[in-house]
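Enquirer: need a 3D model of the sequence below.
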Amino acid sequence: MKTILEEERFHFISDENKAIILAFNDEITKLGYDFGGNIGSGFCWGKYMIIYSKSGVKSKQVAARIYIRENSIILRVFLNKIDKHREYIENSKSFIKDVFTSDYGTCKHCHNEKDGTCKFRKSYSLDNKFIEKCNGFTFEFLEPNLDKLSDYIDLLREFYPVRRSCTVS
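Expert: This next block holds a predicted model:
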């Protein structure tokens, strides 16, 4: 990963942002996820994007992305079944919990509404409040930093527990 970030095309990324990308990469790899050695186009999310999916499986479930923009990076995590993790989220540090409870990404019941449902909507309850978020804007950590890295990884570990293989003798 470090040699990739040394490529000319990534010289605009600050040393601080490179450090969080490298540290995040090291930690998420321990959970069994990688980026496949490819940093691709960021399309509308930024100049570049790093996509982390489960290693060694055919069906690539995306757990996280890092959007690389001209002056910042964004860590986005892909989480499902939020209600199942309610207690964890409600007891998380504010910068984790705020991603779930703030107004950012609130569902506006747009044109994707079909028969009262939307495949892009995340609905859950936290602190006795019903919340609906648009999946296109959910669970983004703006300007992630090294001080919060262990909390990001703990969040991923909560939603994507490392499965231990069982050996039979």
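
Enquirer: please make it C-alpha for all contacts and neighbour counts, starting now.
Expert: OK.

Enquirer: ok, Arg65 - contacts?
Expert: The neighbourhood of Arg65, defined by CA atoms under 8 Å, 6 or more residues apart in numbering, consists of Met49, Ile50, Ile51, Tyr52, Leu75, Arg76, Val77.

Enquirer: ok, it to Glu90 distance?
Expert: 24 Å (CA to CA, to the nearest Å).

Enquirer: circling back: let's have the contacts of Arg65 in TSV, adding distance to Asp26 and pLDDT.
Expert: Output for the contacts of Arg65, formatted as TSV (distance: CA to CA, whole Å; pLDDT from 0 to 100):
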residue	distance to Asp26	pLDDT
Met49	17	98
Ile50	13	98
Ile51	14	97
Tyr52	12	98
Leu75	15	98
Arg76	17	97
Val77	16	97
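
Enquirer: chain center to the longest helix anywhere in the chain, what's the gap?
Expert: Longest helix in the chain by number of residues (criterion: DSSP state H): helix 15-30. In terms of CA atoms, centre = their mean, to the nearest Å, the centre of helix 15-30 is found 13 Å from the chain centre.

Enquirer: with stretch 56-70 instead?
Expert: In this view, stretch 56-70 has its centroid 8 Å away from the chain centroid, taken as CA atoms, centre = their mean.

Enquirer: next, Tyr52: phi, psi?
Expert: Phi and psi for Tyr52, reported as degrees, to the nearest 10, are phi -100, psi 120.

Enquirer: how many residues are close by Arg9?
Expert: Arg9 has 10 neighbours, counted by other CA atoms under 10 Å.

Enquirer: who's in contact with it?
Expert: So Arg9 contacts nothing (CA under 8 Å, 6+ apart).

Enquirer: give the residue spans of this structure that score low on pLDDT.
Expert: Low-confidence segments of the chain, defined by pLDDT under 70: 112-114, 116, 164-169.
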